[in-house]
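**Q** Provide a 3D model corresponding to the input given below.
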Amino acid sequence: MIRRIVTDLTDDGLDRLCRRSPAPGYPEEERSVADCIGVVMDEEIEHYRFAVRDLDVLEAGGADQG
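**A** Numbers count the residues shown, from 1 in each chain. Below is the predicted model of the structure:
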C-alpha cells in the first residue's frame, strides 16, 4: 500500500500539508505528507525489529536462557 502511495507522489504531493485529527489531549496541527510517511515507516521498522529481535536465540534452541 505504501509503495502504491509513494510511487504516485510528486514533490508538491510530499510537501502538501494534512490536518491531523488529534487524540484527546493533543493539539491540532498540520504535517506534511512526507512527515506522515516518515512516521509510518519508522513505526514499521520498529515493529519489524521487535518481531525479529530474538529469532537467532530461538532458532539456536536458547529460548529458555532468559
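**Q** Can you list the low-confidence ranges for the protein?
**A** Counting by pLDDT under 70, the ranges of the chain that qualify are 62-66.
**Q** for it, what spans make up the strands?
**A** For the chain, the strands defined by DSSP state E cover 17-19, 30-32.
**Q** so what secondary structure elements neighbour the last one?
**A** Pointing back at strand 30-32 there. Helices and strands touching strand 30-32, as assessed by 3 or more CB pairs under 8 Å, 6 or more residues apart in numbering; DSSP states H and E, comprise strand 17-19. Every residue, glycine included, has its C-beta placed from N, CA and C.
**Q** could I get the strands of the chain as a markdown table with mean neighbour count and distance to residue 46?
**A** Shown next, in a markdown table, are those (neighbours: other CB atoms under 10 Å; distance: least, CB to CB, whole Å):
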| stretch | mean neighbour count | distance to residue 46 |
| --- | --- | --- |
| strand 17-19 | 11 | 22 |
| strand 30-32 | 12 | 19 |
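**Q** can you tell which of those strands is closest to residue 10?
**A** With CB to CB as the criterion, residue 10 lies closest to strand 30-32 of these, at 12.9 Å.
**Q** Could you list the residues in contact with the closest one?
**A** Strand 30-32 is contacted from outside by 14, 15, 16, 17, 18, 19, 20, using CB atoms under 8 Å, 6 or more residues apart in numbering.
**Q** which non-adjacent residue is nearest the third one?
**A** With CB to CB, 6 or more residues apart in numbering as the criterion, residue 16 has its nearest non-adjacent residue at 5.1 Å, and that residue is residue 33.
**Q** from memory the one you found sits against residue 19, does it?
**A** No - in this structure, residue 33 is not within contact of residue 19 by CB atoms under 8 Å, at 11.9 Å.
**Q** for the chain, longest helix please?
**A** The longest helix of the chain (DSSP state H) is helix 33-52.
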